[in-house]
Each structure stands twice: as structure tokens, then as C-alpha cells.
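Asks: sequence and predicted structure below; questions after.
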Amino acid sequence: MTDAGSTTTRVTVTGASPYDVVIGRHLLGELPGLIGPAARKVLVIHPAALAATAEVIHEDLRAAGYDAYLAEVPDAEEAKTAQVAAFLWGILGQLDFTRSDAIVGVGGGATTDLAGFVAATWLRGVRTVLVPTTLLAMVDAAVGGKTGINTAEGKNLVGAFHPPAGVLCDLAALESLGRWDLVAGLAEVVKTGFIADPQILTLVEQHADSLREWAGADAAPETWDVLAELVERSVRVKAAVVGEDLREAGLREILNYGHTLGHAIELSERYQWRHGAAVAVGMVFAAELARLAGKLPDDVVDRHRAILTSLGLPVTYRGDRWDQLLSAMRRDKKSRGDLLRFVVLDDVAEPTRLEGPDPALLAAAYAEISKEPPTRGPGTPVALGL
Ligand SMILES: NC(=O)c1ccc[n+]([C@@H]2O[C@H](COP(=O)([O-])OP(=O)(O)OC[C@H]3O[C@@H](n4cnc5c(N)ncnc54)[C@H](O)[C@@H]3O)[C@@H](O)[C@H]2O)c1
Ligand SMILES: O=C(O)C(=O)C[C@@H](O)[C@H](O)[C@H](O)COP(=O)(O)O
Ligand SMILES: [Zn+2]
């Protein structure tokens with residue numbers, strides 16, 4: 001237990017409908033204020049793992065005078081399907097939800113992506129408040145209004161830009177978060193460091209051991225303090241970027257660093273790898289690509305491997321999947337026609353784009369990160385990607 005994050009920080013995301021990302025502890029009391037007086041009905045969407053938190057929210061909202069309802073959805077990527085979205089549309093329809101009503105998403109990034117998507121599409125858009133409960137959702141998924149679901153062909157292929165009315169990052173939620181989910185969230189934190197905030201990289205390098213061994217409620221106060229600073233720094237970067245470019249016309253693409261290959265790996269693994277683990281491999285691939293293109297110095301590529309490995313994140317992927325991965329990467333949202341486009345770095349905090357790289361360059365970069373396919377013997381950890 002700790003009092004880290006006991007002070008409340010508000011980061012405003014600017015744009016047509018500005019909103020606050022609130023970071024602190026014991027924030028649920030802020031929910032009615034964010035939902036606003038116009039709503040009468042509120043649907044609280046959550047996975048089973050967050051049932052107790054969702055029930056507290058449900059009771060609070062009822063006490064505040066709302067007609068509140070709970071909808072439990074499948075865990076993790078199982079939630080990000082057209083079938084689950086349709087299940088929720090059915091509930092909203094049966095409950096006569098109108099445009100003045102609201103949706104609350106409580107959970108990790110998969111839940112907030114789904115809840116945001118359902119809010120974006122119900123009656124072409126209703127108010128949504130997000131309560132992220134994983135590190136990854138606090139620093140990235142719940143902020144910025146990118147919502148979506150997967151299809152059989154790939155990750156997040158269906159979605160909408162629909163900013164929330166507010167985001168509550170209650171750090172106390174991280175007390176119950178498992179070690180590998182914390183580490184997966186750190187991959188996006190490290191991404192933010194490489195694209196925009198070198199101090200994040202320094203902090204992670206200094207505290208990698210205690211972060212990797214995340215002990216939740218039993219973590220040392222110093223580890224909590226570092227985590228609170230990492231959340232705030234990451235949210236500030238994300239807020240600044242999406243405040244300037246909500247619809248990913250240009251600048252926002254930098255947040256996709258490592259995701260071109262990362263999403264292809266997630267598809268290849270049928271979503272049994274954590275998102276952050278796939279993005280970790282994707283960042284090393286992007287770094288190798290930039291190095292081979294004569295952009296990125298060797299030491300920055302080495303720094304990618306060192307920092308990700310120190311957290312226990314993967315930096316290689318099986319060598320026998322290249323054709324499949326290349327084909328999946330063509331459906332990346334940054335592609336334009338036949339042109340594959342990658343976010344790469346010229347240096348730390350100097351993101352740029354590499355457009356239409358030579359296929360031989362891509363294959364050479366992949367050779368730098370590929371390894372033999374794993375043997376699935378007894379004791380081989382599967383399904384983690386970590
Ligand atoms: N929209 C965006 O801008 C954006 C950004 C980054 C990632 N994403 C998406 O976010 C998803 C990954 O998010 P994630 O890493 O949070 O995964 P997740 O939502 O699958 O959650 C990981 C696991 O943690 C559990 N969990 C959640 N909160 C918990 C808590 N407080 N205590 C214990 N267990 C808890 C969940 O039930 C789940 O099993 C991916 O679908 C990715 O595409 C979206
Ligand atoms: O907010 C963004 O923009 C991002 O790209 C953040 C990513 O971490 C996130 O995984 C996002 O969902 C990827 O978006 P996509 O457009 O590549 O599906
Ligand atoms: Zn991501």
C-alpha cells in the first residue's frame with residue numbers, strides 16, 4: 001500500500017470537445033459530474049475481472065439518481081468483436097437509451113476500446129466516460145478517442161474517433177493488476193519515451209527491476225512513485241498529440257510506433273499475445289528498419305533491446321512467419337494503396353516516417369529480430385508473449 005498518486009492531477013485534452021484525464025486515487029466520486037445532468041440512463045460495461053468495481057460504480061450512480069445498468073463482456077480481446085458490440089447494441093435498444101444517455105467503460109484497453117466503439121456508434125454517438133484499470137489503458141487506450149474492434153482479417157479494422165467526456169485513472173486499480181499485464185503496459189510507456197519523452201526512458205532504466213517484478217499492493221512506495229510519474233508523463237504526451245491531431249491526419253501516427261508489425265504479430269498469434277508484448281517486438285523491428293535505412297544510430301537500437309529486455313518483454317519473433325506478417329501489415333491503417341508506411345526514429349524523441357521501404361530492407365530488418373520457431377515442449381510458456 002502507498003499514498004503515491006494521492007494528489008490528483010488533471011491533464012486536459014484539447015480539441016472540439018475538451019476533456020480531462022484525471023490521475024489519482026479514489027476518483028469514482030467524480031463520475032456523476034463527468035456523466036453530467038442530461039443523462040438519465042447509464043450502461044456500465046465491464047469484464048468479469050472488474051465486476052466488483054463495476055458494482056460499486058453501479059451503486060454510486062443509482063445513489064446519484066441515474067438509472068444505472070451493468071453489462072458484463074468477455075475478457076481481453078474476446079470483447080473486441082462485432083458479436084459483442086451487437087450484444088451491447090441490443091441491450092441499449094431494449095433499455096431505450098437515447099442520445100442524452102451515457103456509457104461508462106471499466107477495464108483494460110480492450111474494454112475501453114469496445115465501450116468507446118459502442119458509444120461512438122449507438123445513435124451515431126453518445127457520451128462516454130472511461131475508467132481504465134490497467135496501466136496500458138491509463139497511459140494510452142482510454143485517452144484520445146480511438147475506439148475499435150477487430151475483424152478476422154486484423155486488429156482494430158473497424159472503429160471510430162469518439163473522444164470520451166472524461167477519463168478517470170485511479171491508480172489504486174493497479175494494486176490487483178498482474179505482473180505481466182503491468183509489464184505489457186510498460187511497453188506503451190517505453191514507446192512514449194522513444195517517440196517523445198527521454199526522461200521516461202531514464203526512469204524505466206533506473207527502476208526496471210522493481211517494475212518488472214511488480215508486486216501490486218505490496219510494491220515498494222518508491223516503485224509506486226515511479227509508476228505515478230510514468231503514468232502522468234505518458235498521459236501528457238498522448239494528450240498533447242491527440243489534442244493536436246484527433247483523426248490521425250499526421251502527427252498522431254507517432255503513437256503507432258512499433259504497431260505495424262505489432263498488430264501483425266497479434267493476428268498471427270490469434271490474440272494470445274498481450275498487445276504490449278507484440279508492440280515491444282514491433283519497436284525493435286522499426287528500430288532495425290531505421291538503422292538499416294541509415295537513419296538511427298546503433299546505440300539507440302541497442303537501447304531498445306536493452307530496456308525492453310530488462311522489463312522481461314520479448315524482442316524477437318519466429319522466423320517462419322514473415323510472409324504472413326507482411327501480408328497482415330498491408331492492412332495497417334497507415335498504408336496508402338500499395339505503399340507500406342512505418343513510424344521510425346531519426347533519434348530518441350525524433351519520430352519520422354519511412355514510406356515504401358524496399359522489400360529487401362524489410363526482410364533484412366526482420367532477419368535481425370527473427371528466431372527459430374519455439375518448440376512447444378512441457379513447461380514452455382505459451383499465450384503470454386512475454
Ligand atoms: N484506443 C487506443 O488508443 C489504444 C491504445 C493502446 C492499446 N489499445 C488496445 O488496448 C488493448 C490492450 O489493453 P490492456 O493491455 O489493458 O489489455 P486488456 O484490456 O485485455 O486487459 C488485460 C487483462 O487485465 C485484466 N484486468 C484489467 N484491469 C485489471 C485490474 N485492475 N486488476 C486485475 N486485472 C485486471 C483484464 O481483465 C485482462 O484479463 C488492446 O486491444 C489494444 O489494441 C488501444
Ligand atoms: O492512439 C493512437 O493513435 C495509437 O496508435 C495508440 C496505439 O497504442 C494503440 O494501440 C491504437 O489502438 C492503435 O491504433 P490503430 O489505428 O493502429 O489500430
Ligand atoms: Zn498500442
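Replies: On my side now, so go ahead. Ligands and ions are numbered 1, 2, ... in the order given.
Asks: how is this structure carved up into domains?
Replies: Structural domains assigned to the chain are 9-177, 180-371, following automatic domain parsing.
Asks: any idea which of those gets closest to ligand 1?
Replies: The closest of these to ligand 1 is domain 9-177. By C-beta to the nearest ligand atom, the value is 2.2 Å. C-beta here means a position set from N, CA and C on the backbone, and glycine is covered the same way.
Asks: near ligand 2 at all, that closest one?
Replies: Yes: Domain 9-177 lies within reach of ligand 2 by C-beta under 6 Å from any ligand atom, at 140, 144, 146, 155, 156.
Asks: distance between the ends of that domain?
Replies: Counting by C-alpha to C-alpha, to the nearest Å, you get 22 Å between the two ends of domain 9-177.
Asks: same deal with stretch 187-207?
Replies: 14 Å.
Asks: closest to ligand 2 out of the residues of domain 9-177 next to ligand 2?
Replies: residue 156 (3.2 Å).
Asks: secondary structure class for the closest one?
Replies: Put simply, residue 156 is strand when judged by DSSP: H, G, I helix; E, B strand; the rest coil.
Asks: skipping its backbone neighbours, what lies nearest it in space?
Replies: Excluding the flanking residues, the one nearest residue 156 by C-beta to C-beta, 6 or more residues apart in numbering is residue 148, at 4.0 Å.
Asks: so how far is residue 215 from the one you found?
Replies: 33 Å (C-beta to C-beta, to the nearest Å).
Asks: check residue 23 too.
Replies: Residue 23 is 21 Å from residue 215, by C-beta to C-beta.
Asks: residue 283 sits in which helix or strand?
Replies: Assigned by DSSP states H and E, residue 283 belongs to helix 275-292.
Asks: now do that helix, average pLDDT.
Replies: Computed over helix 275-292, the mean pLDDT rounds to 98.
Asks: now the following helix or strand past it, how far from the chain's geometric center?
Replies: Going down the chain from helix 275-292, the next helix or strand is helix 298-310, by DSSP H and E. Remark: helix 298-310 is offset 21 Å from the chain centroid, using C-alpha atoms, centre = their mean, to the nearest Å.
Asks: can you check stretch 228-235 too?
Replies: A distance of 14 Å separates the C-alpha centroid of stretch 228-235 from that of its chain, computed with C-alpha atoms, centre = their mean.
Asks: neighbours of residue 55, just the number please.
Replies: By other C-beta atoms under 10 Å, 13 other residues sit near residue 55.
Asks: that one and residue 68 touch, don't they?
Replies: No: applying C-beta atoms under 8 Å as the test, residue 55 and residue 68 come out as separate, 10.3 Å apart.
Asks: element containing the nearest residue to residue 255 once chain neighbours are set aside, please.
Replies: Counting by C-beta to C-beta, 6+ apart, residue 255 lies nearest to residue 241, which is 6.0 Å off, once chain neighbours are set aside. Using DSSP H and E, residue 241 sits in helix 221-244.
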